[in-house]
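**Q** Could you work out the structure for the sequence below:
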Amino acid sequence: MKNIFNSFLILLAISTSVIAQEVKETPKTKEQGHEDKNKFRQMYDLLATPNMYRTASGAPGPEYYQQQADYKMDIELDDKNAKLFGTETITYTNNAKESLEYLWIQLDQNLMAKTSKTPLVENSKIDPAISAQGFSRKYLEEKFDGGFKIDYVKDIKGNPISYTVNETMMRINLVKPLAHGEKYVMNIKWNYNINNYMLDGGRSGYEPFKDGNKLYVLAQFYPRMAVYNDVEGWQNMQFWGSGEFALPFGNFEVNVTVPADHVMEATGNLLNRSEVFTPEQVKRYALAQNSFDKPVVIVTQAEATESEKGFSDKKKTWKFKAENVRDFGISTSRKFILDMMAVKLGGKTVMAVSLYPKEGNPLWEQYSTKAVAHTLKSYSSYTFDYPYPKAVSVNAQDQGMEYPMICWNFGRPEADGTFSDRVKYGMLGVIIHEVGHNFFPMIVNSDERQWTWMDEGLNTFMEYLAEISFDKNFPVDRGPAAKIVPYMSGDQSNIEPIMTNSEAIKQFGNNAYGKPAAGLNILRETIMGHELFDYAFKTYANRWKFKHPTPEDFFRTMEDASATDLDWFIRGWFYTTDYTDIGIKDVTQYYVSNEAPKDFKAPEVNRRNRRKMAGPLVYMISSTSQDLLGENKKALNVKDVKTLDEFVQANFKPEEIAKLASPKYFYEVTFNKPGGLVMPIIVELTFEDGTTENQTFPAQIWRMNDVEIVRTFATQKVISKIVVDPKLETADIDVTNNTWPKVIGKSKFD
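**A** Numbers count the residues shown, from 1 in each chain. Sure, this is the predicted structure:
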């Protein structure tokens, strides 16, 4: 019998196997595997590898170095012919461990040369209507003859140095490599025709006036050393016009010769004040050094008006010295009014200065210098005390550009002296912005040729903080998250990630200024909070002042100094064009009961939920969203539930019971995320009695499901309204799905 039984089992197994083969269905194709696409994955794939130059914490490493370029210059302005002549001695110190086979010098004025390729890389369309002057400039007149004319490049002994010019870059061909610690000295003589920037454009040049006077704002006026660093070697990317400048730090001694009736300001300390100002003006300057509440006029409007009537054929030389700056700027004209006031920062006094023609009054005398002083105080409070001796604001029509200690800014009243709020706040905004650039990038010296956002974005964020502290009703146009929504909700073909090179950005203002500023504001206001953000931001500024930071240095420092994981935010906000869109998908109300519904099926008790399922069960009975919006608003106090009440009585002391919450209403809310960006969920609950309650769920709530999540709200009062992001803190591009019950907007017909 035993053998027969064993045979039966074997036959059964075979039979079963055969049947299985006969009825077996064609297996479905299994989905392919995938790499980690979680929005919270770390950014090792995007950030440069830390090393001894730049650490994983975001701080400079023990092997960090930077080059130094020192300049001694003699500059002369030919006012009648709008031409500049210059000679300079550059002393370049190689602090890199490696030897350099050649040096690169920037010739930025070559952007204006007749042979410049910049106009050839721009689209050129026929204008349907154009002014006669514009038509003449575009099609009839000979192109402006700009660009550097190099007379010579010589070594310290006067011998010619071999050089090669490539558009806006000049290579110095060294006879032998420049070793670590060695200095190289060269002498350069040059000249160039100064452009009328009102016609030819540009970041510098002159503004003409009807009486023949000119107002000069001179920058990029000398051959300047390019940056050599540990990140990319020489930063010798061509200057096409948008990407600004990367420059090493150094010391400057500059003598500027101009007509004797000119008034001037420039980078650095003025060394011969008594030679270029009248005795009375020198006395006024002494008063200004102790005037901390209002500006003192040094050169009056009456004096400027008298000067601009004539054109002196005599000359005067102004002597300036600046230490540890990356560049040098000059502004000069016989039309200038000059005022100053003192600003106390830490243990030192800094001069806030304004330079403007009478066409800028009364607007400029009322606001400019006070705005400069406020900017220095505001920025210093978030970063470091302003280290330079002065900050100058120059009024130049249609300009907005910055250099160490000096900047030019637009904004003028009407001819009769009246001005609108739009003109006033426009002028104040540009002054705050350009003066603020002293911090970013003139001191925290990022690479503008590569990453515009590192100076413009950070500075725009700081500008916003300065504006609202200057005037709480300041009509800001960048900074708050809601201001960037039109850009982020726009046509994706016209949007690039923030981490895009300066020359490849279509919407420059939105991408490099607005979006980074909004992102920093979201970090400060919503994600990190003021205390953590401000400490980390100040740490970054102090780590990298007078140094050359990269994006990685900023990102890593913000995390390192705050213990806040920001990889999810940085990846989405800076490296993609994703947008925020978080909405309410569904709302279901639950009632507490000690009786199970008919369709209830108890879940299997396992290791994970054994505590949840232990003891008496309290059942949650649901009411659909449709019921909620109707008349079914049943309320049931948890104290009415026998099993729960018994549990409370058995497990808590009377004094503990008095402190227990007693929710009556339970709402399960499903939030979805049509947008690609991860953000915290900020929820405002409004109750029937009109009171509100706010709850914020960290962005990490999306870590397991990037599509939708569910949260339960236990309340003592009936919820009448739920709103996501009620204060528009996250740049949500579609708020029509942010409210429950859904708000039905009126049609155009209504």
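
**Q** now the stretch 651-750 of the chain, which segments are flagged as low pLDDT?
**A** 744-750 (pLDDT under 70).

**Q** same thing but 80
**A** Within the stretch 651-750 of the chain, the stretches falling below the threshold (pLDDT under 80) are 743-750.

**Q** Quick one: the helices in the stretch 451-600 of the chain, in order.
**A** With helices called from DSSP state H, counting those that start in this stretch, the stretch 451-600 of the chain shows them at 453-470, 485-488, 508, 515-522, 530-544, 551-560, 567-575.

**Q** ok now the shortest one, how far from the chain's centre?
**A** A distance of 12 Å separates the C-alpha centroid of helix 508 from that of its chain, computed with CA atoms, centre = their mean, to the nearest Å.

**Q** For D339, see how far away the residue nearest to the spatial centre of the chain is.
**A** Averaging the C-alpha coordinates of the chain gives a centre point, and the residue nearest to it by CA atoms, centre = their mean is G457 (1.5 Å). G457 is 32 Å from D339, where distance means CB to CB, to the nearest Å. Glycine gets a C-beta too; all of them are placed from N, C-alpha and C.

**Q** circling back: can you check the pLDDT for the residue nearest to the centre of the chain?
**A** G457 is assigned a predicted lDDT (pLDDT) of 97.

**Q** Isn't it up against P516?
**A** Yes: shown here, G457 and P516 form a contact pair, counting by CB atoms under 8 Å, at 2.5 Å.

**Q** Need the residues touching each of these two.
**A** Counting by CB atoms under 8 Å, 6 or more residues apart in numbering, the contacts common to G457 and P516 are I498.

**Q** if you average pLDDT over stretch 41-59, what comes out?
**A** In this model, stretch 41-59 has a mean pLDDT of 96.

**Q** hmm, who's touching it?
**A** Contacts of stretch 41-59 from elsewhere in the structure, counted by CB under 8 Å, 6+ apart, are 60-65, 230-231, 540, 543, 550, 552-561, 567, 570-571, 575.

**Q** Selecting buried members of those in PyMOL, what would you type?
**A** The PyMOL command for the buried members of those (criterion: 16 or more other CB atoms under 10 Å) is given here:
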select buried, resi 60+64+65+230+231+540+543+550+552+553+554+555+556+557+558+559+560+561+567+570+571
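
**Q** thinking again about what came up before, least reliable of the helices of the stretch 451-600 of the chain going by mean pLDDT?
**A** Within the helices of the stretch 451-600 of the chain, the stretch with the lowest mean pLDDT is helix 508, showing a mean of 93.

**Q** export the strand or helix carrying F713 as CSV, just CAs?
**A** For F713, the host element (DSSP states H and E) is strand 708-715. Provided in CSV are the C-alpha atoms of strand 708-715 (Å, rounded to 0.1, in the frame of the first residue of the first chain):
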residue,chain,number,x,y,z
GLU,A,708,-0.1,63.3,-3.5
ILE,A,709,-0.1,63.0,0.3
VAL,A,710,-2.8,62.8,2.9
ARG,A,711,-3.1,64.6,6.2
THR,A,712,-5.8,64.4,8.9
PHE,A,713,-7.0,67.5,10.8
ALA,A,714,-8.7,66.9,14.2
THR,A,715,-10.6,70.0,15.2
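
**Q** All further residue positions should be reported with the first residue as 690.
**A** Okay, residue one is now 690; in that scheme the one you just asked about reads as strand 1397-1404.

**Q** Report the buried residues of that strand.
**A** By 16+ other CB under 10 Å, the buried positions in strand 1397-1404 come out as 1398, 1402.

**Q** repeat for stretch 820-833
**A** Buried residues in stretch 820-833, defined by neighbour count with 16+ other CB under 10 Å: F833.

**Q** measure Q909 to A868 for me?
**A** Applying CB to CB, the value for Q909 to A868 is 30 Å.

**Q** Who has more neighbours out of these two?
**A** Comparing Q909 with A868 by other CB atoms under 10 Å, the one with more neighbours is Q909, at 27 against 12.
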